[in-house]
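Engineer: sharing a model that was predicted from the sequence below.
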Amino acid sequence: MGDKNELNRHAGGAAIEGETPRSPSASEREWEARVLQPTLEKSPERQTEFTTVSGHPIRRLYTPADVADLDFEREIGFPGQPPYARGIHPTMYRGRLWTMRQFAGFGTPEDTNRRFRYLLEQGQTGLSVAFDLPTLMGYDSDHPLSEGEVGKCGVAISSLADMETLFDRIPLGDVTTSMTINSPAAVIWAMYLAVAEKQGADWNKISGTIQNDILKEYIAQKEYIYPPAPSMRLVIDTFAFGVERTPRFNVISISGYHIREAGSTAIQELAFTLRDGMEYVEWALRRGMDIDEFGPRLSFFFNSHNDFFEEIAKFRAARRIWQQATRERYGAKNPRTWALRFHTQTAGCSLTAQQPYNNVVRTAIQALAAVLGGTQSLHTNSLDEAWALPTEFAATLALRTQQIIAHESGVTNTADPLGGSYFVESLTGEVERGAWEYIEKIDSLGGMVAAVERGYPQREIAEASYRYQMAVDRKEKIIVGVNEYAGEDQPIEILKIDESVARRQNERLRQVRAERSQEGVSRRLQALRHAAEGDENLMPHIYDAVKAYATLGEICDAMREVFGTYEEVAIT
Amino acid sequence: MAEKKIRVLIAKPGLDGHDRGAKVIARALRDAGMEVIYTGLRQTPEMIASAAAQEDVDVIGISILSGAHNVLCPELVRLLKEKGVEDVPVVVGGIIPEGDIPGLKEAGIAGVFLPGTSTQEIVDFVRKLAQQRHSQSANP
């Protein structure tokens, strides 16, 4: 034992918690004694401890001793085959590149429609809609609480008329669309499906993703409307509707992105996201659904932060955990249920307002980590996003960053280029074990809904976020241009959205309300309220209301009347 | 005589739920010995002004990341005046374009803090504002 501690100290500080004991080879021990030790005596290292951005300790050197216990076939394997550590497709990016999907939305539906068509012309391969806060909260643009927020951090959508304008001249049969919408996801999805139908696109063939992940709203992003139980019911309603009617649509994007943005560590992001995924599976199973029917339609969404190897390890561990959970916990038989597919967005919270051009470099490194981690689609942030929504120039540069990685860097030539690295494999294992510990803790609290109601994940994230801020304030973590290497900044051009957007939106809403059949709307909202009181699937009722041009606010209000609203107990 | 404890109201106006910054600041002010009242999410300017008047706070800190600052900040200042508590200074932090800062200051905002500000800088600024207010009320 004494011998082991001694070696661990030599190999990079104190023994790492949760680490399996290492047995270095004779040559490694000799290197330590003859080469390393004299060097350390002459020139000590810069820090006593080296950690990831999440505070996870990293050793000085990784050698075969760190992966001695690793079973190659069982734990690493081959791409396209369990445990999917090396990726979900046998040929990975040799077969098909990831989808370059830039999140965009601002102002009126016309403004965003123009940006979408521009991005498609620039070679973007999928759409991703950002909605404004009133839309995300289920309020129409003319609601009093919408004042000042219309079109500001996304596009304003209040009725089917807005959705028709948003996708004008964009064939939904050919393009896939991701929609970042959660509490009102069922309503916005119904609007999308109605536009697809009007365009003559086949629901059996259209594809895309609704985020629809309410659990991470309670945990991190806080854009919830209803209490957890009716919210979960709505999610499972969309699962059931999707399985039957839109077999190629991803009915959920279970998201760690926002958990990380709220200040979590990489392990917390991974654990809370995957435990959220398990919660949805359990609710759907309780509804009597077959995991191998809806399982392949679940997708995931992770953050890619600054710490390059920690992120790659996180993505690889995610696939291993999900395949184990779906097989062992839920008995899934379909390999498409086992394989975790995910979207990645580079870390918005890592962008700095100071020296904004540095953000291009950060984003490139983060995007590269996502690609080396085997992402299926990717959004790269724009350099100006610590100030405002991106200008067209900044958004184009962000897209070019992906294109350079895809076509110039050479990293797409082989599957999982870092597989087998002593460091990456060790870190993947540590991140995976750390995540399972959290998952088991949440199991012991009675599942994720129960854990959220007790504020458990919220508190863990707030702690991590504060710890990180203190480390930055003490300069234990350096942010270039902020707490070190600061200097005068050149101002950059910024996208401005003025209050005329709200006026134009409100005018359109007035017109929609004047032109529709009021009786038809009332009747469908009444049917929706009635259905909400019972337990039938709400999607068909929502779809009917949407098609009659009932507004988002009216539909959400109908459900507010039945379900009530949720208020969290604020933790600081 | 013991120095009066500084009381700060931290609030999130508007529809945005991104509360990481508000929570970190609330905790940093508390760790610096101040009394912090956190309103929680989705407070209208009206609710914040009422809370400030009722709680007799020395400083109000609001966090806005959604781009609604040019509407929400002047509205809060107006309501504070209406309630007769215009002497309570308001500081705002969040995603705020530099070009908007002069307008916000003109509207009566005492300080604007952008991403990357250290918590110490904010603690010092809030303490200074509170001390100014205490000394003003001590010497009318």
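Structural biologist: Nice, I can see it. Numbers count the residues shown, from 1 in each chain, chains lettered A, B, ... in the order given.
Engineer: now the spatially most central residue of chain B: which helix or strand?
Structural biologist: Residue closest to the mean C-alpha point of chain B, counted by CA atoms, centre = their mean, is B:Gly61 at 1.8 Å. Element membership of B:Gly61 [criterion: DSSP states H and E] is strand B:59-64.
Engineer: which neighbouring elements make contact with that strand?
Structural biologist: With contacts defined as 3 or more CB pairs under 8 Å, 6 or more residues apart in numbering or on different chains; DSSP states H and E, strand B:59-64 has these neighbours: strand B:7-11, helix B:20-31, helix B:45-55, helix B:69-82, strand B:90-94, helix B:119-138. For every residue, glycine as well, the C-beta is placed using N, CA and C.
Engineer: ranking the ones you listed by mean neighbour count, which comes first?
Structural biologist: Among these, strand B:7-11 has the highest mean neighbour count (mean count of other CB atoms under 10 Å in any protein chain shown), at a mean of 25.
Engineer: mean confidence score for that one?
Structural biologist: Per-region confidence: strand B:7-11 scores 97 on mean pLDDT.
Engineer: can you list the strands that it pairs with?
Structural biologist: strand B:35-38 (parallel), strand B:59-64 (parallel) (DSSP bridges).
Engineer: between helix B:119-138 and it, find me the angle.
Structural biologist: 130 degrees (axes from the mean of the first three to the mean of the last three CA atoms, to 10 degrees).
Engineer: got a list of contacts for stretch B:105-114?
Structural biologist: For stretch B:105-114, the external contacting residues (CB atoms under 8 Å, 6 or more residues apart in numbering or on different chains) are A:353, B:73-74, B:77, B:86, B:89-94, B:96, B:98, B:101, B:104, B:121-122, B:125, B:129.
Engineer: if we can go back for a sec, could you identify which of the strands paired with strand B:7-11 is most buried?
Structural biologist: Scoring the strands paired with strand B:7-11 by mean count of other CB under 10 Å, the most buried comes out as strand B:59-64, with a mean of 26.
Engineer: what comes into contact with it?
Structural biologist: B:6-14, B:16, B:19, B:21-22, B:25, B:29, B:48, B:52, B:72-73, B:76, B:80, B:88-96, B:122, B:126, B:129-130, B:133.
Engineer: if you average pLDDT over that strand, what comes out?
Structural biologist: Mean predicted lDDT for strand B:59-64 stands at 96.
Engineer: restricting to C-alpha, output it in PDB.
Structural biologist: Only the C-alpha atoms of strand B:59-64 are listed here, as PDB (Å, rounded to 0.1, in the frame of the first residue of the first chain):
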ATOM      1  CA  VAL B  59     -29.500  48.300  -3.100                       C
ATOM      2  CA  ILE B  60     -31.400  46.400  -5.800                       C
ATOM      3  CA  GLY B  61     -29.500  44.100  -8.200                       C
ATOM      4  CA  ILE B  62     -31.200  42.800 -11.300                       C
ATOM      5  CA  SER B  63     -30.000  40.200 -13.700                       C
ATOM      6  CA  ILE B  64     -31.200  40.300 -17.400                       C
END
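Engineer: shaky segments in the stretch 451-572 of chain A?
Structural biologist: Filtered on pLDDT under 70, the stretch 451-572 of chain A yields the residue ranges A:572.
Engineer: up against chain B, what does it have?
Structural biologist: A:462, A:465-466, A:469-470, A:472-473, A:479, A:482-483, A:491, A:494, A:496-497, A:499, A:567-568, A:570-572 (CB under 8 Å from any CB of the partner chain).
Engineer: re earlier: can I get the helices and strands packed on strand B:59-64 in JSON lines with distance to A:Arg510?
Structural biologist: Listed next are the helices and strands packed on strand B:59-64 as JSON lines, based on distance: least, CB to CB, whole Å:
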{"stretch": "strand B:7-11", "distance to A:Arg510": "32"}
{"stretch": "helix B:20-31", "distance to A:Arg510": "35"}
{"stretch": "helix B:45-55", "distance to A:Arg510": "26"}
{"stretch": "helix B:69-82", "distance to A:Arg510": "21"}
{"stretch": "strand B:90-94", "distance to A:Arg510": "32"}
{"stretch": "helix B:119-138", "distance to A:Arg510": "43"}
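Engineer: confidence-wise, which of these is weakest overall?
Structural biologist: helix B:119-138 (a mean of 91).
Engineer: other SSEs contacting it?
Structural biologist: helix A:456-473, strand B:7-11, helix B:20-31, strand B:59-64, strand B:90-94, strand B:111-113.
Engineer: I'd like the next helix or strand past the helix or strand harbouring A:Ser128.
Structural biologist: A:Ser128 belongs to strand A:126-130 when assigned by DSSP H and E. Once the chain leaves strand A:126-130, the next helix or strand it forms, by DSSP H and E, is helix A:133-136.
Engineer: just the mean pLDDT for that following helix, thanks.
Structural biologist: On average, helix A:133-136 scores 97.
Engineer: buried residues, that helix. List them.
Structural biologist: Residues A:133-136 are the ones in helix A:133-136 that count as buried (16 or more other CB atoms under 10 Å in any protein chain shown).
Engineer: pLDDT weak spots in the stretch 1-150 of chain A?
Structural biologist: Using pLDDT under 70, the flagged stretches of the stretch 1-150 of chain A are A:1-20.
Engineer: which parts of it are helices?
Structural biologist: A:2-10, A:26-31, A:37-42, A:109-121, A:133-136 (DSSP state H, counting those that start in this stretch).
Engineer: what secondary structure does the single nearest residue of the stretch 301-450 of chain A relative to chain B sit in?
Structural biologist: Per CB to the nearest CB, A:Ala353 is where the stretch 301-450 of chain A lies closest to chain B, at 4.7 Å. Under DSSP: H, G, I helix; E, B strand; the rest coil, the three-state class of A:Ala353 is coil.
Engineer: how many other residues sit next to it?
Structural biologist: Using other CB atoms under 10 Å in any protein chain shown, A:Ala353 is surrounded by 22 other residues.
Engineer: now do the phi/psi pair for the residue lying closest to it once chain neighbours are set aside.
Structural biologist: Excluding its sequence neighbours, the residue lying closest to A:Ala353 (CB to CB, 6 or more residues apart in numbering or on different chains) is A:Ala386, at 4.1 Å. Main-chain torsions, A:Ala386, degrees, to the nearest 10: phi -80, psi 0.
Engineer: chain B contacts on the stretch 51-200 of chain A?
Structural biologist: Residues of the stretch 51-200 of chain A lying near chain B (CB under 8 Å from any CB): A:133-134, A:136-137, A:139, A:145-149, A:152-153.
Engineer: in the longest helix along chain A, what's buried?
Structural biologist: Longest among the helix segments of chain A by residue count, using DSSP state H, is helix A:422-444. In terms of neighbour count (16+ other CB under 10 Å), helix A:422-444 has its buried residues at A:422-432, A:434-436, A:438-439, A:442.
Engineer: so what's residue 115 up against?
Structural biologist: Assuming you mean chain A. A:104-106, A:392, A:395.
Engineer: chain B, not that one
Structural biologist: A:351-353, A:386, B:94-95.
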